[in-house]
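Asks: Here's a sequence, model it:
(2 chains)
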Amino acid sequence: MAVTAEPKVDLREPASWRRTKNRIVTALMYFALVLVIVPLGFVLFTVISKGASIISGQFLTAAIPPQVLPGGIGGMGPAVVGTLEITGLATLMAVPLGVLGAVYLNEYGGRNLLARLIGFFSDVMTGVPSIVMGLFIYAIWVVHFGFSGLAGAFALACLMLPVVIRSSDEMLKLVPNALREGSYALGATRARVTLTVVLPTAIGGIVSGALLAVARAAGETAPLLFTILTVTATNTNVFSGANTSLPSQIFSNAILPYSGAQSRAWGAALTLIAIAFILMIVARVITARFTRLGR
Amino acid sequence: MEQQPEQNVTERQRTEPVVQQQERQEDQTAPEARVFETKNVSLWYSAFRAVTDVSLSVHENEITAFIGPSGCGKTTVLRTLNRMNDLVVGARVEGDVWYRGESLYAKDVSAIAVRRRIGMVFQKPNPFPKSIYDNVAYGPRINGIHNRGKLEEIVERSLRQAALWDEVKNRLKASALGLSGGQAQRLCIARTLAVEPDVVLMDEPCSALDPIATAAIEDLMHEIKSRYTIVIVTHNMQQATRVSDRTAFFSVLRDEKSDTRTGVLVEYGRTEQIFQDPQDSRTKAYVTGRMG
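Replies: Numbers count the residues shown, from 1 in each chain, chains lettered A, B, ... in the order given. Sure, this is the predicted structure:
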């Protein structure tokens, strides 16, 4: 039954301007992709190639040598300790406050004046330059109580807070109203609805948003300039005395003329990127974990 | 649609007499058998009057169906019965809603307490993103039941009542979001039954379901009728005739002068009467498929 007759309908698309447009736009898309990937890959490649040989267990724990000595790479121990202390403390301050703020905006405030005001000012705060946050904490805290990790944490927390509020707010908005109503219809109170339905549904997104804010804050230099003073000694007491951090050390070492100091800065840079990378992975794992039931 | 305006103009005056006539019939039943009684209830969403002057009564252990075209306010009326409209910003109720002799909208009445007795099943199945077990146990836990054995007993009983037990008994710990639409809706019914409500309000519970799942849910309604009072909103007139004892027909009333529209209760009575001997010509047009 070989049918060789002329096909009744022609389903081929005639050569047209539409096809050409399609090709052009596709090509532009690939070009944009390359444009994004190349600088990113280049940054990563440079930092890894200059820093990989320097990073070691010893580098992460050893003391930072005095900057006047040209030789010896030494380590970044105090800065690793300082960064963990300061960003940890900032996270403890900003994340609970930010999530609670977002819960207020979404679940309690509704469209009242206070909620709209808070939403507006948190958006404004997102645009405040980080160095201004540092100056602000310097003026209201450091001037009275001196430099400390705590002051640095305050500055970072001010920076993180609006980001956490905004990202949590977006996640809470994504929770379908049908779920809230389902819970209310069973006689749940507002607090119950929030704690047992809304937050568990949004928690994956909230956590990853918060960790992104943490990763960003961990890499900030400017807010720490006026708040921790950037010393070279380890200070395990985050609440008093000058402290140090990885981004501050990158800055102060990279501008020195000595090759040892510059290597130290590259090592610190790679350490910082690694910390950010680890946080991203943790965020992904947590998101996947929490959304397992949510799918 | 085009024929509606002139029809409404001629029949507007007739709305009151028909409803009142129905009311007189209802008055003959014993008052304690009435679960809900509404008197001239209007509901406003800010400046928009969604329904106007609804007076009807819902009877114990019966299934009452609300039918009518889209936008006639049947869901709105249903949601005033367990104060779900409280959650809508700008919603305001006028008139009286009595539930077993108590005014639902009295100052000292808690909407939380109301909803614990008057449960609701929604149009779209809305299982929580939790396990099947946790979905059903959610209500009892809210009510302070944390005893494991007791919870397991409630979960099994509720799932059996909702005719879902056999399908899910081996995967109670699995996510409820993996269920099919019909199963998810039956889970939502089980979740509502788990708190042992007095009344179950159903807002088009079968509109997202296929005929087989719909039949399963209708069977289930007949089965649980002896223990609960059910009010169901439905678009499907066959469903109303299949399941309900009484039917309320709502319609949209347009005011040409002010260009506003509002929902009104046109006729309320026994389901057989509404479908076989409608008193209002609009009801007749709707149930015979000529309008709506």
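
Asks: Phi first, then psi, for the single nearest residue of the stretch 1-150 of chain B relative to chain A.
Replies: The stretch 1-150 of chain B approaches chain A most closely through residue B:116 (3.2 Å), counting by CB to the nearest CB. From N, CA and C alone the C-beta is placed, and that goes for glycine too. With angles defined as degrees, to the nearest 10, residue B:116 sits at phi -70, psi -20.

Asks: Skip the chain neighbours and tell me the closest residue to it.
Replies: Distances taken as CB to CB, 6 or more residues apart in numbering or on different chains put residue A:187 closest to residue B:116, at 3.2 Å, once the chain neighbours are dropped.

Asks: Residue B:192: how many residues sit nearby?
Replies: 26 (other CB atoms under 10 Å in any protein chain shown).

Asks: For it, which non-adjacent residue is spatially closest?
Replies: For residue B:192, the spatially nearest residue (CB to CB, 6+ apart) is residue B:119, at 3.8 Å.

Asks: in a helix, that's where that neighbour is, yeah?
Replies: No - counting by DSSP: H, G, I helix; E, B strand; the rest coil, one finds residue B:119 to be strand, located in no helix.

Asks: Which pLDDT value goes with it?
Replies: In this model, residue B:119 is scored at 93, pLDDT.

Asks: burial of it, as a residue count?
Replies: By other CB under 10 Å, 26 other residues sit near residue B:119.

Asks: Check residue A:110 too.
Replies: Neighbour tally, residue A:110, other CB under 10 Å: 12.

Asks: my guess is it contacts residue B:89, does it?
Replies: Yes - the criterion here is CB atoms under 8 Å, and residue A:110 meets it with residue B:89 at 6.1 Å.

Asks: quick one: contacts for residue B:66?
Replies: Residues in contact with residue B:66, defined by CB atoms under 8 Å, 6 or more residues apart in numbering or on different chains, are B:74, B:77-78, B:231-234, B:247-248, B:250.

Asks: go with 6 Å
Replies: Going by CB atoms under 6 Å, 6 or more residues apart in numbering or on different chains, residue B:66 touches B:74, B:233, B:248.

Asks: Most neighbours among these, which one?
Replies: residue B:74 (29 neighbours).

Asks: Let me see the backbone angles for it.
Replies: Torsion angles, degrees, to the nearest 10, at residue B:74: phi -70, psi -40.

Asks: Okay, it and residue B:192: tell me how far apart.
Replies: Computed as CB to CB, to the nearest Å, the residue B:74 to residue B:192 distance reads 19 Å.

Asks: likewise residue B:253?
Replies: For residue B:253 relative to residue B:192 (CB to CB), the value is 32 Å.

Asks: For residue B:126, what is the enclosing helix or strand?
Replies: Assigned by DSSP states H and E, residue B:126 belongs to neither a helix nor a strand.

Asks: what about the closest residue to it other than its chain neighbours, neighbour count?
Replies: Leaving aside its chain neighbours, residue B:126 sits nearest to residue A:178 (3.9 Å; criterion: CB to CB, 6+ apart). By other CB under 10 Å, the residues close to residue A:178 number 15.

Asks: Was I right to think residue A:178 contacts residue B:128?
Replies: No - counting by CB atoms under 6 Å, residue A:178 does not reach residue B:128; the two are 10.1 Å apart.

Asks: what ranges of chain B fall below the confidence cut-off?
Replies: B:1-32, B:291-292 (pLDDT under 70).

Asks: Get me the contact residues on it for chain A.
Replies: Selection of chain B residues close to chain A by CB under 6 Å from any CB of the partner chain yields B:112, B:115-116, B:120, B:124, B:126, B:128-130, B:139, B:142, B:175, B:177, B:195.

Asks: after whichever helix in chain A runs longest, next one along is what?
Replies: Assignment by DSSP state H gives helix A:17-51 as the longest helix of chain A. Per DSSP H and E, helix A:17-51 leads on to helix A:57-61 as the next helix or strand towards the C-terminus.

Asks: From the chain's centre, how far out is that next one? Work that out for me.
Replies: 25 Å (CA atoms, centre = their mean, to the nearest Å).

Asks: Alpha carbons only: can I get that helix in PDB?
Replies: Only the C-alpha atoms of helix A:57-61 are listed here, as PDB (Å, rounded to 0.1, in the frame of the first residue of the first chain):
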ATOM      1  CA  GLY A  57      44.500  24.000  57.100                       C
ATOM      2  CA  GLN A  58      47.400  25.900  58.400                       C
ATOM      3  CA  PHE A  59      46.500  29.000  56.500                       C
ATOM      4  CA  LEU A  60      43.000  29.000  57.900                       C
ATOM      5  CA  THR A  61      44.200  28.800  61.500                       C
END
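
Asks: List the buried residues of the helix or strand that contains residue A:91.
Replies: In the assignment (DSSP H and E), residue A:91 maps to helix A:77-103. Using 16 or more other CB atoms under 10 Å in any protein chain shown as the test for burial, helix A:77-103 gives A:77-83, A:85-87, A:89-91, A:93-95, A:98-99, A:101-103.
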